[in-house]
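Engineer: Can you look at this prediction? I've put the sequence above it.
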Amino acid sequence: MIITVLFIKMTLLTLIIRSHLDSNLTFVFTAVIIILIMAFGYKHIDLHHEDIAYERPAYVLWVPIGAVLCYFFNVNLGLGSILALGIVGTTASFLPSINKESQYLKQIPVSIYCGAFVGMSSVDTSPSILFVFAAGCVAGLLLMVTKNLYLGVGGKLGTIAFGGVILSSLMYWLFI
């Protein structure tokens with residue numbers, strides 16, 4: 001899983017560098033430094049536990065729901081990706097107050113928020129709501145298997161959502 005996440009990040013940075021190679025040498029230099037820092041970090045910093053733990057499927061089922069809701073607000077209602085993410089994320093944060101003793105309700109906002117990151121995709125990247133649902137399912141699977149990775153590191157949910165969209169785009173491009 002670590003190799004998959006590292007591959008996704010390296011692919012993104014490589015594509016960014018390639019698209020800006022002719023226009024801005026400072027940007028390219030900065031991106032190369034970032035890649036070297038990431039490689040050093042993955043090699044020398046312990047970002048996960050050694051034991052394998054998976055998130056319960058009942059929690060990650062909410063990822064595609066958050067993705068579809070955010071995409072609907074973003075594209076169909078025309079609210080924009082940031083406002084759509086804010087509405088879905090804020091609404092999800094109030095779910096644990098329905099029953100303060102419920103451990104299940106305390107875990108749902110994280111899954112919905114991860115899905116909302118998937119739903120922020122533009123129409124160019126995510127052509128339909130079915131694509132967003134599929135990307136949300138892939139992101140949910142990634143969330144399920146990365147429970148012990150990157151504990152305490154910011155950006156985990158966004159990286160998982162990005163991975164779900166990228167992997168879904170790859171499958172869409174290969175098979176459709």
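Structural biologist: Yep, that arrived.
Engineer: which ones are touching Phe117?
Structural biologist: By Cβ atoms under 8 Å, 6 or more residues apart in numbering, the contact list for Phe117 reads Cys70, Leu85, Ala139, Leu157, Gly158, Ile160, Ala161, Phe162. Where you see a C-beta, it was placed from the backbone N, CA and C, and this is true even at glycine.
Engineer: now, which of these lie within helices?
Structural biologist: Among the contacts of Phe117, the ones falling in helices (DSSP state H) are Cys70, Leu85, Ala139, Leu157, Gly158, Ile160, Ala161, Phe162.
Engineer: For ChimeraX, what selects the buried ones among those?
Structural biologist: The following ChimeraX line selects those of the ones in helices among the contacts of Phe117 that are buried, judged by 16 or more other Cβ atoms under 10 Å:
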select :70,85,139,157,160,161,162
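Engineer: Format the ones in helices among the contacts of Phe117 as a markdown table; extra columns: pLDDT and distance to Val60.
Structural biologist: Output for the ones in helices among the contacts of Phe117, formatted as a markdown table (pLDDT from 0 to 100; distance: Cβ to Cβ, whole Å):
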| residue | pLDDT | distance to Val60 |
| --- | --- | --- |
| Cys70 | 97 | 16 |
| Leu85 | 95 | 19 |
| Ala139 | 95 | 9 |
| Leu157 | 89 | 12 |
| Gly158 | 89 | 16 |
| Ile160 | 89 | 10 |
| Ala161 | 92 | 12 |
| Phe162 | 88 | 16 |
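Engineer: Would you tell me which one of the ones in helices among the contacts of Phe117 comes nearest to Pro109?
Structural biologist: Leu157 (10.7 Å; Cβ to Cβ).
Engineer: how about the residue nearest to the closest one when sequence neighbours are not counted, what does it touch?
Structural biologist: Computed as Cβ to Cβ, 6 or more residues apart in numbering, the closest residue to Leu157 that is not its neighbour in sequence is Cys114, at 4.3 Å. Counting by Cβ under 8 Å, 6+ apart, Cys114 makes contact with Val63, Gly66, Ala139, Gly140, Leu143, Leu157, Ile160, Ala161.
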